[in-house]
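Undergrad: Here is a sequence with its predicted model. Questions after.
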Amino acid sequence: MLLNIIVGTAVLMSGNSCAAIDNRTNTAVWQTPGQSIVRSGYEDMGRVLVYDKSYPQDTDTLVALIRAEDALQVGPGGPKIRMVCMKDGQGTWERDQTRDR
């Protein structure tokens, strides 16, 4: 539920499409402005995440999700929450909430 709140608040305040991933719970959440929040579990297949739900159709939301996936690989291993927001293919706002073990 924390990811829903984080993503929903970011979308509301920024007007951007946002996605967040929590690798501790294997949960991803994404939202396009004006649309409902999507929450999905995923299975980590190495460097590829396979989601329970379909990828977002909106390009900015899809790019935000892919960049959040990539951000999971940055830094030392351990529990992490990565969030990225995109707007109109321009600019990136990234919020890195890393939690060490």
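TA: Ah, there it is. Numbers count the residues shown, from 1 in each chain.
Undergrad: Just to be sure, Glu69 is in a helix?
TA: Yes. Assessed with DSSP: H, G, I helix; E, B strand; the rest coil, Glu69 lies in a helix.
Undergrad: thought it was touching Trp30?
TA: No. Under the criterion of CB atoms under 8 Å, Glu69 makes no contact with Trp30, lying 11.1 Å away. Glycine gets a C-beta too; all of them are placed from N, C-alpha and C.
Undergrad: Please say which of these two ends up with more neighbours.
TA: Remark: of Glu69 and Trp30, Trp30 carries more neighbours, 29 against 20, as counted by other CB atoms under 10 Å.
Undergrad: how close does the more buried one get to Leu72?
TA: From Trp30 across to Leu72, the span is 14 Å (CB to CB, to the nearest Å).
Undergrad: pretty sure Leu72 contacts Lys80?
TA: Yes. Shown here, Leu72 and Lys80 form a contact pair, counting by CB under 8 Å, at 6.0 Å.
Undergrad: pLDDT weak spots in this structure?
TA: 88-101 (pLDDT under 70).
Undergrad: What ranges does it have for its helices?
TA: Along the chain, the stretches classed as helices by DSSP state H are 2-14, 59-72.
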